[in-house]
Structure formats: structure tokens, C-alpha cells
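A.B. asks: sequence unknown, structure follows:
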């Protein structure tokens, strides 16, 4: 057990947990932010994707002790009013079915667009193939990412 | 003018009675947390209950109850659309609320069998139209005019000749006290303004901002998280366990055991999952532990003999096979596959001495309630089951095991609990799509006409045939024989049960026969359907014209028979859940690998309620079906699942998902199922396209095992 000070969505949290506890569970069970989802626990499905200093990471496989001073952004903190271009595009393209994987999909897509504001289909495939959607919404996700990229242009 | 009395109405559908009984007072809406509003407005309004489905505020905002569990099939959006249409309101003023479990009021509160829209179409239209008529009657009374002279539009009642108009919000208090009209007029489909349009999933805003709660997110005062250790192999039992080390783990509060399982309880999910790994359990075999190879051998042995009774017998198959000009034989294999809902199994339970509160993802809340009432011997009225939005069902959540476990754990620990399954437990936990083996024999006559068809199959527990489905009815001599194989492995419904593998086997075999007699696979199917129309053999479940309609449509969409150079086509068609679907898959060779680059799909599901929802259901089902046909396989070694997480079990990912093109046949038939029917035809369409490309038949799923002709990417690439 050890005390960690974390900055999640610009709010400071102090937790006393096992240093090996993955960031995902600190976010969900201790910070009480349940928008970030548990899917596999081994960084294979992407449901737990958050941003660590702006980079998309699988929070299920990052021990809390390795977070340090890096800023954590979860789906709840992606935008103040749910109006990030990716969130708006997701609504516009009517992406979610069950919706469970979508927080992770949105966080991966937002990180992609930050690096590559106008990604090609192949770049989208490469970035997004780490996020599984059992409902099969992949084509709408791709469409929404292109829409968000276009929105950024205008 | 309606003259019915309250007494006359008492035996009508219960939801119509609610308008009377609840009409007297103003009520606050329930379950506000589960509500969502397309217009983005939140916060409870004081609303008047018009009937069990409809509440209208003085400001004109309308709350419509969504009674069925939402597993991603879109019914939380599409069912209220049906009510809103007949109520004649503007969709932007609608907010949707998840109804509590109340089968007296709502009857069928189920997510399964692609049945929600099918079974709700008439009653939900009636509910909306009845509400509309009550509002019209209230306006007519106020204006002292004939209700028949009043019209409605977008939440207003109009009286054309006087030019008077009034909003529903101003009428609802009066309307709710008025007699419930009978024989209300439903709209002509020509007048539909909401049905058939594109309406977004009502929870999307909450989903993309992380506000949407799922069962796994449930946390209550005093609640403990629980991780359950279950037998590692099917056919094993618990002998003893040592939890001394586990109890010392940080955050652990209690460890209990029940039904060959051990539950570790504590303050956080990860802590109890870690501590569970430290419990030393001793297991013993209870009977034979079977491996995948054993099933294959035993299945083949079983199929050496026919069962005592056939499921269906038309004509004389034995004779027709003996005298056929050409004989066809093929064997098709389908593996076990887990459901892999993205939200792992979980359930909240708070068991008190004579009452239980349950909350969580279930496709059958009523079955959960009944199972717990039976188990705890308490009246079902004392059991409250709350419904969450569900992170995927696919049939897994039709079972009640996860809820029963949560109840057992809560009862033993004397605390509210949320039992959360690790992915390994979820994938290794059974209720799989049954493994099955099909042997087909067929004969054609000297004109290439299909004259005999013998279906002979075996699967792990449960049925393996849909004996009245095509090509039954089109073949004069047809026999369907099935066997059930008992196994310790638990199996259950998996998206489009039975259809998902029988469509693969039958549509592939039909393709083999068509090629074998030198006929075009599309023309061959249409010829058979023509026979089913003109000389039907025995009972059939399908409508010949609608079946042929989707085949013709998809052939036209895909420019069947004239693909672009380097493109190879295959067709598959199937009828399930009263819906007709035909698909053409196209494959091309990209850098030495065969790749599905497009799938066309024609669907006849009658009236399309929500065009956006309908398209995404079909598209998702196609990609889901493609992924499982390509990659899905769970194998067992001595009863133990070999794949328990996504490092060894492959689900389709974005780069493997092809574009799809979907067309709905336009008609005014009643809406039929849509959550499942898009899935069954895809595996055969792809297998048949791969045959066209390679000359090799893909008779075993998953196709990725046929690596000789179908190169696959390594899982480690992602």
C-alpha cells in the first residue's frame, strides 16, 4: 500500500492503494469515474483507453505507481460539455449500439486526430484496430472519425 | 364519439386501464437516472400519466416508457418511436425512460428472439393512438365540438373549421380522467412522420460522455465487490480450499463458498480479483472431461446411425438418393463459441431476510425474478429487479446464473454485492453456442433438379435443425434427422441460435449442388423457390415471394454474375425471426491474401421503424457473423477452455471489417425481427465467394484454420 496523488480530468485525487493496482481500477473504484470501462484486463480490447499526457493508453495495464505527474484524462474529461468533435461526430453518425466499448473508441479516436488531423482509412484502421466492438460498429466509427476530421477543417 | 364506460374497459389491455386508475393525480416520473432525451433537456418535470407508456408535461414534453432491456438492439429508441408516431407528437419533445420490471403493465419485457418490435408493434401503436384520441376527446369537450372534426399534428389538437388549436400539455390533465376509447383509428402508413425516419440512439450523448451507467458501474452504500472462483474445467467439482493467504490481501473483507464456487469480497474490484488468485482450491473430476477432439470423434460416431424418429419426412429420401442421377455429400463443422459481450458478466444483489434488490444486465428480468423467488422461497413481489443499459447480450444474458450467483454471495456475506467477472471467467464460463456437426446428402435428377435432401446433424445439447425452413418445401424427398449430445459444457442461445450455423451449412451445400449441376447459384435458388410455390412439399414457414424478393434484390445490387476483374462473388440467403435476408460477399486477392472487400445485403423486415437503427443492426450483425466465421473458435482440453482472453481468442477488428451496402425491401408489412437475421447468411456468402475464388470449399468454421488458402494476420499485430 502506498499513497498516490493523481490528476484526473484536472482534479486532484489522493489514493492509498497497492502500487501495482492498474490505473483503470483507481479511476473506477476510487475516483468513482465509471465512464472508463473494463473489458479484458490485458490491453487487448481497448475499452479502458484513457489519455496520459495526451497519449492514448490502456489503463488496465498501467500500474498506478507508474503514472507519476502525468495528467490523466478520461472520457468524462474529454470535453467540458460533451462537444469534442469526436463526441459530436459519434452522435451525428449514430455510432453506438450497446455502447460499452465506445468510451474507449472515442478516446482512441480523439488521440488519433490530435496526431493526425486528417487520417487516411489505413491510419484509422491501424489506430482503431486495438479497440474491439462486438456489436460491429466499425464502419460507423470510421465514418465518424472522418466527419470529426472534416469538422476540424472548417 | 366514444361512449364506452369504465366498466366496459376493465377487461381491456392493462395499459389502457392505467389511464383511468392513474388519471386522478399528478405523478413524478420514476427512474430518472435511466432516462434520456433527444432534445437534451433533463430534470424531472411534473407530468401527467396518460397510460402506462405515456406521460405528458404541461410544457408539452412527452415521456415515453421503454419497457424492454436495451442490449444494443436499439429498442429503447425504436419502441418509443412507435408510440410517438400514433400519439402524433414531435420527436424532439420526447424523452425516453427505462420502465421498471412490471409484466402486469408491460407484458413482454424481454431482449431476445428478435421479438421486441415484432410483438410490440400493435400494442404500442394502440397505446399511442389511444392516448391521442383521449387528448382529442378532451379538446372536443372543451370546445364543445365533434371529436371527429378535430385533427392532430405535432403535439397539438386542431379544429379546422373554427381555427382553434390547443397543445397536448394543456389537455393532458383533463384527458387522463376521460374514458379510454375503444377501436381507435391507427394511422395510414402514408401518414407516418417518425416511423421510417433515421433517429439516433437515445443514449448516445450519455455514452460518449461517460455518463451512461451499465450494471458493472453499480455502486451502493456498504456494497462489496466480489470475484468468484468457479471450477476451471467443465465436469469438475470443488473438494476444498485454503484462503489463509488470500484473506490477508489488502481490501479483502470476506471469503465465502457455495455451489462448488468460492467468492472473495472486498472494497475494490481489482483487489478481490487479485486475492481470488491467491485462494488455493482443490478440484476433482466428476465424470469424463472432454476435449475438442473427443467431441469430433463422438459426433462422427453418433452420425453413423439415424435417430429413432425424424424431425421431418417428405416423400422417400432413401429411394430418391438411390435413384438420383448425381449424389452430393458434405460435412460441416461449427465450433463452440463464447458470447464475448464487451461488458463482462456482473450483477448487483442485496439480499435481506424477506426481500431482494437486484440490479444489472439481464435480457430476461422476469426470469431472474422468478428464479430468485423460487430459490429463496420468497414471494416475487418482494424481489425488485432494476434494468440497466446492457453492454451486449447476444443470448448470454438470457441465462440467470450470474444473478443467482450474486444472490448467493450477498446472502452468505450479508451485504450488498456487485459480482464482477474477469474476462477469463466470462469467456471460460460456458453457455456457449453449441458445437455441431452436419452431414448432408442430396440427389439431383438428370435435369439437375434437386430431388432429395437429407439433413443429419448432432450438437451439444439443444436442437440443431430448423426443419420447416428453406429448402424444405422445395424438395419432394426431404428428411431431417438430429441428435442431442449431452456434455458437461453448458451451452445456450447465441445470436440467431441454430440459424447462425444451419444457414452456413445449408447455404454452402446448396451452392455445392448448384455448381455441381452447372447452374448459377442465384438462379438455382430461385428455381427451388418457384417449386416451393407451384409444387410445395410439406409445411413451410416462409413466404416464397418475399424470400425470392431479397435474393433478386441483392443480385441486382451486387451486379451478380458480372463482378469486376479479380473480384469473386458468393451468395447466402436465410429466413429467420420472420425476416428475409440475402447477402452477396465479394472477395479479392490483396498481396497474396484473400480479403472480403464488400458485402451486399437485401433485407425484408416489413416496415422499418428506425432506419438508422435498422441499418446498424444489420451491418453489425454482418460484421459480427463474418468475424465469428473467420476467427471464432473455443476449444477444450480435458474440459478446460483453451482460450479465455483476447490474446488467444480473436474477435474481428476494424481493419478486417469490410464496407457493406444494405437495402430494405419497401412494403407496409408488419415489422419483423432485426437484431439477429442479418447474421446467419454471411458465413455461407463468404465461404461461397472463397470457393469461387479458390476452388476450395470452406466447410469448417472458423475459416482462418484453413490457412493453406486463406492467409491470416497474427493476433499480435494489434
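C.D. replies: Right, received. Where do you want to start? Worth saying up front: this structure is predicted, and the values here are computed from it rather than measured. Numbering: from 1, shown residues only, chains lettered A, B, ... in the order given.
A.B. asks: Could you use CA atoms for every contact and neighbour count after this?
C.D. replies: Will do.
A.B. asks: and residue A:34, that one's in a strand?
C.D. replies: No. With DSSP: H, G, I helix; E, B strand; the rest coil as the criterion, residue A:34 is coil rather than part of a strand.
A.B. asks: Quick one: neighbours of the closest residue in space to it that isn't next to it in sequence, just the number.
C.D. replies: Counting by Cα to Cα, 6 or more residues apart in numbering or on different chains, residue A:34 lies nearest to residue A:28, which is 4.9 Å off, once chain neighbours are set aside. For residue A:28, the count of nearby residues is 18 (other Cα atoms under 10 Å in any protein chain shown).
A.B. asks: Dihedrals phi and psi, residue A:28?
C.D. replies: Taking degrees, to the nearest 10, you get phi -80, psi -50 for the backbone angles of residue A:28.
A.B. asks: Can you check what pLDDT the model gives it?
C.D. replies: pLDDT for residue A:28: 98.
A.B. asks: Kindly state the beta-bridge partners for the residue nearest to residue B:215 when sequence neighbours are not counted.
C.D. replies: Of all residues beyond its chain neighbours, the one nearest residue B:215 is residue B:360 (4.5 Å), with distances taken as Cα to Cα, 6+ apart. In this entry, residue B:360 is beta-bridged to residue B:387, by DSSP bridges.
A.B. asks: wait, residue B:360 sits on residue B:346?
C.D. replies: Yes. The pair residue B:360 and residue B:346 qualifies as a contact (Cα atoms under 8 Å) at a distance of 7.0 Å.
A.B. asks: ok, the residue nearest to residue B:215 - how many residues close by?
C.D. replies: One way to gauge burial is a neighbour count; for residue B:360, by other Cα under 10 Å, it gives 25.
A.B. asks: just residue A:138 next, same as before
C.D. replies: The criterion is other Cα under 10 Å. On that basis, residue A:138 has 30 neighbouring residues.
A.B. asks: Quick check: it vs chain B, distance?
C.D. replies: Look at residue A:138 and chain B: by Cα to the nearest Cα, to the nearest Å, they are 5 Å apart.
A.B. asks: what secondary structure does residue B:372 sit in?
C.D. replies: Using three-state DSSP, the three-state assignment for residue B:372 comes out as helix.
A.B. asks: Does the residue located most distally from the centre of chain B fall in a helix, a strand, or a coil region?
C.D. replies: Computed with Cα atoms, centre = their mean, the residue of chain B farthest from its C-alpha average is residue B:162, at 50.1 Å. Taking three-state DSSP as the rule, one finds residue B:162 in the coil state.
A.B. asks: Distance-wise, check it relative to chain A.
C.D. replies: Counting by Cα to the nearest Cα, the gap from residue B:162 to chain A is 42 Å.
A.B. asks: ok, now residue B:350?
C.D. replies: When distance is defined by Cα to the nearest Cα, residue B:350 is 19 Å away from chain A.
A.B. asks: swap in residue B:103?
C.D. replies: The gap separating residue B:103 from chain A is 24 Å, by Cα to the nearest Cα.
A.B. asks: for that residue, what are its contacts?
C.D. replies: Counting by Cα atoms under 8 Å, 6 or more residues apart in numbering or on different chains, residue B:103 touches B:109, B:366.
A.B. asks: Give me the local confidence score for it.
C.D. replies: The model reports residue B:103 with a pLDDT of 90.
A.B. asks: check contacts around residue 67.
C.D. replies: Just so you know, I chose chain A. Contacts for residue A:67 were tallied using Cα under 8 Å, 6+ apart; they are A:6, A:23.
A.B. asks: Chain B was what I was after
C.D. replies: If you count contacts by Cα under 8 Å, 6+ apart, residue B:67 has them with B:76, B:98-101, B:106, B:109.
A.B. asks: coming back round to it: what residues are shared contacts of residue B:360 and residue B:346?
C.D. replies: Both residue B:360 and residue B:346 are contacted by B:215-216, under the criterion Cα under 8 Å, 6+ apart.
A.B. asks: and residue B:420, what are its bridge partners?
C.D. replies: Under the criterion used here (DSSP bridges), residue B:420 is bridged to residue B:346.
A.B. asks: Quick one: residues contacting it.
C.D. replies: Residues near residue B:420 by Cα under 8 Å, 6+ apart: B:216, B:225-228, B:269, B:344-347.
A.B. asks: Within the helices and strands, which one has residue B:77?
C.D. replies: When elements are assigned from DSSP states H and E, residue B:77 belongs to helix B:75-87.
A.B. asks: Which strands or helices does that helix pack on?
C.D. replies: If you count contacts as 3 or more Cα pairs under 8 Å, 6 or more residues apart in numbering or on different chains; DSSP states H and E, helix B:75-87 packs onto strand B:62-66, strand B:94-98, helix B:116-143.
A.B. asks: for chain B, what are the low-confidence residue spans?
C.D. replies: Scanning chain B for pLDDT under 70 picks out the ranges B:1-46, B:707-718.
A.B. asks: in it, what residue is nearest chain A?
C.D. replies: Closest to chain A within chain B is residue B:72: 3.4 Å, counting by Cα to the nearest Cα.
A.B. asks: Quick check, that residue in contact with residue B:363.
C.D. replies: No. At 11.2 Å, residue B:72 and residue B:363 do not qualify as touching, with contact defined as Cα under 8 Å.
A.B. asks: any residues in contact with both of these two?
C.D. replies: Counting by Cα under 8 Å, 6+ apart, the contacts common to residue B:72 and residue B:363 are residue B:393.
A.B. asks: Many thanks, I have nothing further to ask.
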